[in-house]
Every structure is written in C-alpha cells, then in structure tokens.
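Colleague: Next one to model:
(one chain, ligands or ions: 1)
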Amino acid sequence: MANTPLLKVDNVGIQFGGLKAVSGVNVELYQGELIGLIGPNGAGKTTFFNLLTGVYVPTEGQITFGGEKLNGLAPYQITRKGISRTFQNIRLFGDLSVLDNVKVAYHSLARHSILSSILRLPSHFSGEKEMEEKAIDFLKIFNLDGLKDEAAKNLPYGQQRRLEIARALAAHPKLLLLDEPAAGMNPQETKELMDLIAFIRKEFNLTILLIEHDMPLVMGVCERIYVLDHGQLIAQGSPEDIRNNPKVIEAYLGEEVS
Ligand SMILES: Nc1ncnc2c1ncn2[C@@H]1O[C@H](COP(=O)(O)OP(=O)(O)OP(=O)(O)O)[C@@H](O)[C@H]1O
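Modeller: The predicted model follows:
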C-alpha cells in the first residue's frame, strides 16, 4: 500500500437548510483498494458520492485526489481527473444503443478535436473508429458486445447495471464509485457482478468505493468498510471489525449485518 492516499477526505460535510446530510467525514482510500461504504437508509452515502463527484460542493472540509484539491470543481472536471461513478437509479441514455452509451463517455476524453469532427477530416474518422473499437472492447468485458445495437432501455435490469459500469470505465477512471451496483439483481447475477468487479479492479488498476446494502456481498469482497449513520462516520475497519462493532449493530437494529 502506498503511503499517500489516492483520495483524502478531510472533515467533509454538507448542510441542506437545517439538515447536516454529511458531517465531519474523514476517509482515505489507497491505490488498488476495494472499500465498502455502508449505512442505513438516509445515512448520507449517495450524498457523499455527490460530494466526491462535484454534484455538491462541501460546506465544510476538503477533498484531495492524487494530491489535487477537488472542492469547487465541476463534475466533468472531476471525471477528467479520474473519478467515475454509477448511480443508484440507473442513468443510461435509454433510446441510444448500448454501444453509443459507452461512446458518449469516450467522447469527453477523445483526442480528435471538435474542429476535425466538423470538417470531417481523416483524423475524425480514425478517431471515431478507434473509439468504437475501444467501446466494443469494454462491452466484451461485460458480455454485452452481442447487444451493442440494442436500445439500452430494452436490456434487462441486470444488464443495464453492467452497462452503466462499462460506461463509467470508458472514462478511464483511477477511482470508480459504485452506488448499489447489485440492486435488483438475483443472487446469480450478483455473484457474477462481484467477480467482474474483482476482475476490472485488477485489469484496470482501479481503486473502488462501493455502496451496497447487500451485507454478505460487502463483507465478502471489501478489504475495509466505512459506516455512515445520520451523516457521520460511526465505524471503519475490516469486515470482521464492522460485523462485531456495537455502534454498527445498533445503527442497523432490526436489520441483518452479517
Ligand atoms: N439536495 C438535497 N436537499 C435536501 N436534502 C437532501 C438532498 N440530498 C440529500 N438530502 C438528504 O440527505 C440525507 C441523506 O440522503 P442520502 O440519499 O445521501 O442517503 P443514503 O445513505 O444514500 O440513503 P439510501 O440508502 O436510502 O440511498 C437524507 O435525509 C436526504 O433526504
């Protein structure tokens, strides 16, 4: 593990009116880690992702990524710095093809210029072709290449979730944020997804932060886990530590923790 964290979140919070949705949160993620973020409904997990990705600007604290301050950057600037995400409620372009959904992500990083596209220079066509080939490579990893011309909205739920991850990967992230990637999946799909997440982490040298309600899943794949409750971190540690932590058990009272 490197000594400098890839992501350093220092005392970060955000207040909406009188509600402190996230407050005083400290998180450090190191290159290559697969880390879980859990907490009961309304704990602030998605808001935390929104803070990391520039959807919200923190009202307190500082976020540093690769040594650079992120506070105040727009979401597209943060994507370019290397943070990509998926959403709890799938946000694909439903009427676009599976392939175009991935290509859209690629466009933001494409090397060929807008001018060459407008003038339809040879570099435009070679750029497009290269982009398409790369997009298909991503689809292959997710076993979606056979569906590349299908409208995204026609895919079954589990495949839409996988497509969202393929699209996030196409932006070449260093840090991938997954918001409940297994939501709505059956146990077999969930198992396959977890294997896939482990594979892409290695293949693309990724660091992954994963929000997930499926406890066995989180405990099974994550090296460390952070627990949010009412906007504050109440615990962090190995799955074993978290499973036995009284504060966590209390926060989840009546729910399954192990
Ligand atoms: N833009 C906003 N304006 C006002 N309140 C907000 C806003 N965004 C989030 N909140 C509030 O912040 C709190 C945390 O919500 P958040 O969606 O982050 O929780 P969560 O842990 O992701 O929950 P779940 O597991 O149900 O998805 C909630 O009380 C929510 O209503």
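
Colleague: For the rest of this, base every contact and every neighbour count on C-alpha atoms.
Modeller: Noted.

Colleague: E164 looks like it's in a strand, true?
Modeller: No: assessed with DSSP: H, G, I helix; E, B strand; the rest coil, E164 is helix; it does not lie in a strand.

Colleague: hey, where'd the strands end up in the protein?
Modeller: Remark: strands assigned in the chain by DSSP state E are 7-16, 19-29, 34-38, 60-65, 68-69, 83-85, 175-179, 207-211, 224-229, 232-237.

Colleague: residues making contact with the fourth one?
Modeller: The reference is to strand 60-65. Residues from elsewhere that reach strand 60-65 (Cα atoms under 8 Å, 6 or more residues apart in numbering): 6-14, 23-24, 52, 69-71.

Colleague: Just give me the closest of those to R161.
Modeller: Set against R161, the nearest of these by Cα to Cα is L52 (20.9 Å).

Colleague: what's near enough to touch that closest one?
Modeller: Each residue near L52 by Cα under 8 Å, 6+ apart is listed here: I63, L70.

Colleague: Tell me the predicted confidence for it.
Modeller: Looking at L52, its pLDDT stands at 97.

Colleague: ok, and the most crowded of the contacts of strand 60-65?
Modeller: L52 (27 neighbours; other Cα atoms under 10 Å).

Colleague: Tell me the residues of the stretch 1-150 of the chain that contact the ligand?
Modeller: For the stretch 1-150 of the chain, the contact set with the ligand under Cα under 6 Å from any ligand atom comprises F16, A21, P40, N41, G42, A43, G44, K45, T46, T47.

Colleague: Would you mind checking the residues you listed for buried ones?
Modeller: A21, P40, A43, G44, K45, T46, T47 (16 or more other Cα atoms under 10 Å).

Colleague: Now render those residues as TSV, adding distance to L210 and pLDDT.
Modeller: Output for those, formatted as TSV (distance: Cα to Cα, whole Å; pLDDT from 0 to 100):
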residue	distance to L210	pLDDT
A21	19	96
P40	15	93
A43	15	95
G44	14	96
K45	10	97
T46	11	96
T47	14	97
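
Colleague: which one of those is nearest G220?
Modeller: Comparing these against G220 with Cα to Cα picks out P40 as the nearest, at 18.7 Å.

Colleague: if we look at stretch 152-166, which residues are touching it?
Modeller: The contact list for stretch 152-166 (Cα under 8 Å, 6+ apart) reads 85-86, 90-98, 101-102, 138-139, 142, 144, 178, 181-182, 184-185, 189, 193.

Colleague: Same question for stretch 37-49.
Modeller: Stretch 37-49 is contacted by residues 21-22, 56, 88, 177, 179, 209-213, 225-232, 251-252 when judged by Cα under 8 Å, 6+ apart.

Colleague: Now, of the residues you listed, which are buried?
Modeller: Neighbour-count burial (16+ other Cα under 10 Å) is assigned, among the contacts of stretch 37-49, to 21-22, 56, 88, 177, 179, 209-213, 225-232, 251.

Colleague: Mark out where each domain of this structure begins and ends.
Modeller: Annotated domains of the chain cover 1-82+172-257, 95-171 [the TED database].

Colleague: Which of those domains has the lowest mean pLDDT?
Modeller: domain 95-171 (a mean of 82).

Colleague: any idea how far that domain is from the chain center?
Modeller: Distance of domain 95-171 from the chain centroid (Cα atoms, centre = their mean, to the nearest Å) equals 18 Å.

Colleague: Quickly list what the spatially most central residue of the chain is bridged to.
Modeller: Centroid-nearest residue in the chain, with Cα atoms, centre = their mean: L177, separated by 1.8 Å. According to DSSP bridges, the partner residues bridging L177 are R85, L209.

Colleague: And it, how close does it get to G94?
Modeller: 21 Å (Cα to Cα, to the nearest Å).

Colleague: so where do the helices sit in the stretch 51-200 of the chain?
Modeller: Under the criterion DSSP state H, counting those that start in this stretch, the stretch 51-200 of the chain carries helices at the ranges 75-81, 98-107, 114-118, 122-141, 157-170, 187-203.

Colleague: possible to save those as TSV with mean neighbour count and distance to T64?
Modeller: Supplementary listing: the helices of the stretch 51-200 of the chain in TSV, determined by neighbours: other Cα atoms under 10 Å; distance: least, Cα to Cα, whole Å:
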stretch	mean neighbour count	distance to T64
helix 75-81	18	11
helix 98-107	22	24
helix 114-118	12	31
helix 122-141	17	29
helix 157-170	23	21
helix 187-203	14	21
